[in-house]
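# predicted model follows, preceded by the sequence.
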Amino acid sequence: MNLKNLQGKIKLLNEKTRPHYRLYSQTEKEILTKTVKLNEEVGELANDILSVLKLQRRAKLEKFDKRNIYEEFADVIITTIQLAQAAGVDIERAIGDKLKKIEMKYLRGKK
C-alpha cells in the first residue's frame with residue numbers, strides 16, 4: 001500500500017467515524033483550550049527534564065538553561081489550576097482528598 005492509498009482509506013474512515021459535535025459553549029471551549037495548553041506545558045517540562053538528564057540532542061543541550069525548569073514546573077502548576085477552575089473543580093479539595101487516599105494506601109500500614 002502506498003501513502004496515497006493510505007490517505008484515501010483514512011479519509012474514508014474519518015468520514016464514517018467522525019463524531020458529530022455540537023458547537024461548544026464558552027466554558028467547554030475554555031476547558032478544551034486549557035487542556036491543550038496543559039499538554040503543551042507538560043511537554044516543555046519533559047524537554048527540560050530530558051535536558052537535565054542529558055538525554056536531549058546536542059543542539060538542545062547547548063541552548064538549555066537549567067533555571068528554566070523552575071518556570072516549566074510553575075507553568076504546569078498554574079495551567080493545572082486554571083483548568084481546574086474552568087472545569088469547576090475545587091483544587092484544594094481535590095488535592096486533600098487525593099493525599100488522604102495516598103495515605104490510606106501507602107502510609108497507614110507502614111507506621
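Done, it's in.

# got the phi and psi for S25?
phi -70, psi 170 (degrees, to the nearest 10).

# how close does it sit to L32?
Separation of S25 from L32 (C-beta to C-beta, to the nearest Å) stands at 10 Å. For glycine as for every other residue, the C-beta is placed from the backbone atoms N, C-alpha and C.

# any idea of the pLDDT on K63?
As predicted, K63 sits at a pLDDT of 89.

# show me where the protein has its helices.
Using DSSP state H, the helices of the chain run over residues 3-17, 26-52, 58-63, 68-86, 91-102.

# got those helices as TSV, with distance to R108 and mean neighbour count columns?
What follows is these, written out as TSV (distance: least, C-beta to C-beta, whole Å; neighbours: other C-beta atoms under 10 Å):
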stretch	distance to R108	mean neighbour count
helix 3-17	46	9
helix 26-52	31	15
helix 58-63	43	10
helix 68-86	27	16
helix 91-102	10	11
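
# can you give me the distance of E92 to R18?
Between E92 and R18 the distance is 39 Å, computed by C-beta to C-beta.

# cool, thanks, signing off.
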